[in-house]
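Q: below: sequence and its predicted model.
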Amino acid sequence: MMSWATDNAIRALCFDIDGTFYPKWQTNAYLFRSALAHPVFSLRYNSMRQRMRTLDGYDGSADLDEEDFRRKEMLLLGWKKSYGEYVAMYEKCLKEPWDRTMKTCLKCFDHVRETLELARDKGFVLAALSDFPISHKLEVLGLDGLFDFVASTEDFGYLKPNGVPFRRMLETLGIRPHEALYVGDSYRKDVVGGSKVGMRTLLVGKSGDRSRYPLADLVLTSWHSFARMVLV
């Protein structure tokens with residue numbers, strides 16, 4: 001008997017990172033500490049990201065570079081000072097603390113690395129596409145060197161579920177949408193975003209009534225069942 005991935009002619013396994021490779025509470029704990037240290041900016045920034053995600057649900061056209069993306073953030077925040085001052089505030093309040101904190105707070109779910117190694121051994125193309133900047137995250141998680149493609153959706157100027165980052169990932173890999181499975185922990189961001197461009201989707205870390213996730217091809221409770229259900 002062939003695996004689900006083989007039965008469905010899947011060539012690429014593409015993954016979200018935050019909440020998918022490691023528990024989301026680890027990120028939330030950092031965000032809480034960041035909010036305490038810089039409460040006004042952090043709260044405004046988090047609220048802005050939610051507004052941006054709603055706007056970015058509509059497909060964009062052209063990619064945006066890093067400066068254009070930060071300027072889009074400034075516009076939604078109502079930032080009145082200069083671009084340079086905004087970048088300095090972003091790095092001081094969010095990026096630099098996260099780069100320091102992740103080294104001690106991130107720990108993979110069980111069975112992640114061995115599952116990814118098995119997938120590589122079976123010839124699958126592997127990709128990681130996260131909403132947040134990657135930085136040293138995969139290295140800290142012990143997953144560096146396993147992927148053929150690694151990027152943040154910010155690199156293309158949009159947040160999930162916008163289709164642009166998903167399409168750019170597939171174009172770079174040379175994979176057609178129906179040949180790729182996107183795996184994530186968020187129905188709104190990962191399943192809707194992947195499905196929007198024609199990818200197959202898997203929601204991990206969820207249980208209960210499957211009818212709650214109509215666009216998901218698979219719903220698994222944990223990584224323990226991933227290899228058994230998808231690869232073997």
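A: Cool, got the structure.
Q: quick one, strands of the chain?
A: Using DSSP state E, the strands assigned to the chain run over residues 12-15, 125-130, 149-152, 180-184, 200-204, 218-220.
Q: adding mean neighbour count, write these out as a markdown table.
A: In this view, the C-beta of every residue, glycine as well, is placed from N, C-alpha and C. Formatted as a markdown table, the entries for those read as follows, by neighbours: other Cβ atoms under 10 Å:
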| stretch | mean neighbour count |
| --- | --- |
| strand 12-15 | 26 |
| strand 125-130 | 23 |
| strand 149-152 | 19 |
| strand 180-184 | 26 |
| strand 200-204 | 24 |
| strand 218-220 | 19 |
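Q: name the residues that touch the helix or strand of the chain with the lowest mean pLDDT?
A: The helix or strand of the chain with the poorest confidence is helix 24-37; it has a mean of 74 (mean pLDDT, DSSP states H and E). With Cβ atoms under 8 Å, 6 or more residues apart in numbering as the test, helix 24-37 has contacts from 18-19, 42-43, 46, 93-94, 97-98, 101-102, 105-107, 132, 185.
Q: which of the residues you listed count as buried?
A: Judged by neighbour count, with 16 or more other Cβ atoms under 10 Å as the criterion, the buried members of the contacts of helix 24-37 are 18-19, 42, 93-94, 97-98, 101-102, 105-106, 132, 185.
Q: farthest-apart pair in those residues, please.
A: The most widely separated members of the buried ones among the contacts of helix 24-37, counting by Cβ to Cβ, are Cys93 and Asp185 (25.5 Å).
Q: which residues of the chain score low on pLDDT?
A: Screening the chain residue by residue with the criterion pLDDT under 70, one finds the ranges 1, 30-31, 34-35, 208.
Q: determine the longest helix present in it.
A: Of all the segments assigned as helix in the chain under DSSP state H, the longest by residue count is helix 39-56.
Q: packing partners for it?
A: helix 24-37, helix 66-77 (3 or more Cβ pairs under 8 Å, 6 or more residues apart in numbering; DSSP states H and E).
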